[in-house]
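>>> What follows is a protein structure lacking sequence information:
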Ligand code: ADP
Ligand code: MG
């Protein structure tokens, strides 16, 4: 297993709208290493969702290559893609996409049912994952009885169910109030830091992105620049703003005072 989970080469995507061509992605090159937490930033219409959908095998590129765990997914049949999607990728969406008639535990069990995991094992793992996202007490609640932030936690637990190589999240904090937004980014950063979960998150929220490891900027379908986020500093024990010494768990830098994680006031 190489340490690159996602290797994107010369990726382009054009949508044909009648006589009009929309170039959603142009020659995108991106590598994501195992254990990295990358955020993809950019204004509305810059190609973020298109990129994430192609990375997650929900959409096919016009040209270029995507290697997921060393496998070229751009050459695969629908059937193979379906298998890859459910075993290699965990999705988190802006609108949570939980099934309303299933409770939290059943929602988390669903992807495991798809791969034929025995019922007792599914249940055990679902409860374990719900505990991990801080919802042990809410396992039997249906989505309508959960807050928006709690629903997104369930969706994150569900995304982790089949131990995917990578989590792809499209604006996961887009429908949340400030407090839940910060709880969710903290949870994702925590999963990345402590469990080594590889994450690519799309967001147009500069502040949320700043708490990830690496920010990649998309503009008109092209990657224009990259920047380090606070998680990179936390992993390297050095503040990304001033270089001062920090511990991975520090919420603010002791030297420059800048926030390294969302704080109560932030
Ligand atoms: P973002 O997520 O950054 O807002 P998108 O990836 O959704 O951007 O869209 C990038 C561009 O591609 C936009 O110009 C959008 O209108 C266009 N686009 C996205 N999906 C489709 C589609 N299914 N058909 C035609 N054009 C599309
Ligand atoms: Mg989008």
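Right, received. Where do you want to start? Quick caveat: nothing in here was measured; it's all calculated off a predicted structure. Ligands and ions are numbered 1, 2, ... in the order given.

>>> For the rest of this, base every contact and every neighbour count on C-alpha atoms.
Will do.

>>> what's around residue 210, how many residues?
Neighbourhood size, residue 210 [other C-alpha atoms under 10 Å]: 20.

>>> The one 4 residues further on too?
Each residue near residue 214 was counted by other C-alpha under 10 Å, and the total is 22.

>>> again, but for residue 181
By other C-alpha under 10 Å, neighbour count at residue 181 equals 20.

>>> before we move on, which element is it in?
helix 178-195 (DSSP states H and E).

>>> now the first helix or strand past that helix going along the chain: mean pLDDT?
Sequence order places strand 199-202 as the next helix or strand after helix 178-195, per DSSP H and E. Mean pLDDT, computed over strand 199-202, is 98.

>>> which neighbours does strand 199-202 have in its sheet, and in what orientation?
Applying DSSP bridges, strand 199-202 is found paired with strand 37-41 (parallel), strand 166-170 (parallel).

>>> can you pull the buried residues of that strand?
Residues of strand 199-202 classed as buried by neighbour count (16 or more other C-alpha atoms under 10 Å): 199-202.

>>> same check, this time on stretch 217-226
217-223.

>>> show me where pLDDT drops low in the stretch 151-266 of the chain?
The stretch 151-266 of the chain contains residues with pLDDT under 70 at 264-266.

>>> where do the helices sit along it?
178-195, 206-210, 230-236 (DSSP state H, counting those that start in this stretch).

>>> got the buried residues for the last one?
Neighbour-count burial for helix 230-236, with 16+ other C-alpha under 10 Å as criterion, is recorded at 230-234.

>>> got it, and the longest one?
Residues of helix 178-195 classed as buried: 180-189, 191-193 (neighbour count, 16+ other C-alpha under 10 Å).

>>> same question, stretch 14-22
Buried-residue list, stretch 14-22, by 16+ other C-alpha under 10 Å: residue 14.

>>> Make 44 the starting number, not 1.
That works, and once the first residue is 44, the last one we named lands at stretch 57-65.

>>> that's a strand at residue 58, yeah?
Yes: judged by DSSP: H, G, I helix; E, B strand; the rest coil, residue 58 forms part of a strand.
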